[in-house]
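Engineer: Model the structure of this input:
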Amino acid sequence: MSRPSELVIEPRQGQPADSCVILLHGLGADGHDLEPLVPAIALPKGRAVRFVLPHAPRLPVTINGGMVMPAWYDILEMNLGRRVDEAQLKASAKRIQALIDDQIDKGIPSERIILAGFSQGGAVAYEAALTYPQPLAGLLALSTYFATADSITTHEANRDLAIEVHHGTFDPVVPESLGRAGAERAREIGYAVNYRTYPMQHALCPQQIADIGPWLAERLGSE
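Structural biologist: Model prediction:
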């Protein structure tokens with residue numbers, strides 16, 4: 001049974017899942033925010049992918065005047081350094097790693113699990129994926145930044161993890177320079193990163209969604 005704090009979308013036509021994508025939303029949203037993305041991704045027929053979309057807890061967010069809203073962590077300053085509450089971020093990453101453990105317990109090998117995240121969710125996905133002690137299939141970072149780049153203690157199990165980073169060239173919320181800097185930092189510490197930009201703001205666009213399906217299919221391969 002899934003926890004009440006996550007939305008789980010099983011494969012179509014009642015197929016038993018043989019792989020999993022854990023998809024993390026951004027600040028002020030919840031798992032349902034990215035729910036329309038799931039049917040929009042054009043996966044090849046016969047792929048049995050379970051999507052897990054957890055909901056962030058409600059936290060006071062400093063940059064929004066202390067307003068309580070769904071957040072994976074507090075953002076303390078909206079500057080180019082994007083100062084955040086790293087303890088909260090890392091606690092959220094531990095929670096996501098527990099979801100990975102749960103999928104493994106359900107019979108999905110770690111090598112067939114992908115972490116993906118948008119904005120705040122992407123920052124958590126960076127931390128969760130690169131510190132996880134079993135090999136994963138990939139990391140998809142959408143309109144986000146590598147918030148723990150200077151403090152992360154990576155795990156050798158995911159030294160060869162494929163990282164796909166997407167960012168909008170007109171993003172007014174997370175400047176494209178932050179997304180690019182995160183990708184470059186991941187490369188500096190030894191990861192293979194593919195960086196793509198799209199003519200969009202802080203969002204998803206059809207061209208990008210068309211690119212996500214083939215990438216997922218390539219990373220998950222066959223059972």
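Engineer: what comes up buried for the biggest helix by length in the chain?
Structural biologist: As assigned by DSSP state H, the longest helix anywhere in the chain is helix 86-105. Within helix 86-105, the residues that count as buried by 16 or more other CB atoms under 10 Å are 86, 88-90, 92-93, 95-97, 99-100, 102-103. Heads up, the C-betas are built off the backbone N, CA and C, glycines and all.
Engineer: Also stretch 44-61?
Structural biologist: For stretch 44-61, burial by neighbour count (16+ other CB under 10 Å) applies to Arg47, Ala48, Val49, Arg50, Phe51, Val52, Leu53, Pro54, His55, Ala56, Leu59, Val61.
Engineer: got a markdown table for the residues you listed, with secondary structure and pLDDT too?
Structural biologist: Below are these laid out as a markdown table (DSSP: H, G, I helix; E, B strand; the rest coil; pLDDT from 0 to 100):
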| residue | secondary structure | pLDDT |
| --- | --- | --- |
| Arg47 | coil | 85 |
| Ala48 | coil | 92 |
| Val49 | strand | 95 |
| Arg50 | strand | 96 |
| Phe51 | strand | 97 |
| Val52 | strand | 98 |
| Leu53 | strand | 98 |
| Pro54 | strand | 98 |
| His55 | coil | 97 |
| Ala56 | coil | 96 |
| Leu59 | strand | 95 |
| Val61 | strand | 95 |
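Engineer: out of these, who's nearest Asp33?
Structural biologist: Comparing the buried residues of stretch 44-61 against Asp33 with CB to CB places Leu53 closest, at 8.4 Å.
Engineer: Distance of the closest one relative to Arg159?
Structural biologist: Leu53 sits 28 Å away from Arg159, going by CB to CB, to the nearest Å.
Engineer: Now for Pro199, how many residues are close by?
Structural biologist: Burial measure for Pro199: 9 neighbouring residues, criterion other CB atoms under 10 Å.
Engineer: how about it, what does it touch?
Structural biologist: Contact analysis of Pro199 by CB atoms under 8 Å, 6 or more residues apart in numbering lists Gly168, Thr169, Phe170, Cys205.
Engineer: Tell me how far Ala136 lies from Pro16.
Structural biologist: No Ala there; residue 136 is Leu. 20 Å.
Engineer: So between the two, which is more surrounded?
Structural biologist: Using other CB under 10 Å as the criterion, Leu136 and Pro16 rank with Leu136 on top: 23 against 10.
Engineer: so what's the more buried one up against?
Structural biologist: So Leu136 contacts Ile100, Ser110, Glu111, Ile113, Ile114, Leu115, Ala129, Asn158, Leu161 (CB under 8 Å, 6+ apart).
Engineer: Repeat the analysis, applying 10 Å as the threshold.
Structural biologist: By CB atoms under 10 Å, 6 or more residues apart in numbering, Leu136 lies in contact with 22, 100, 109-115, 128-130, 157-158, 161-162, 219.
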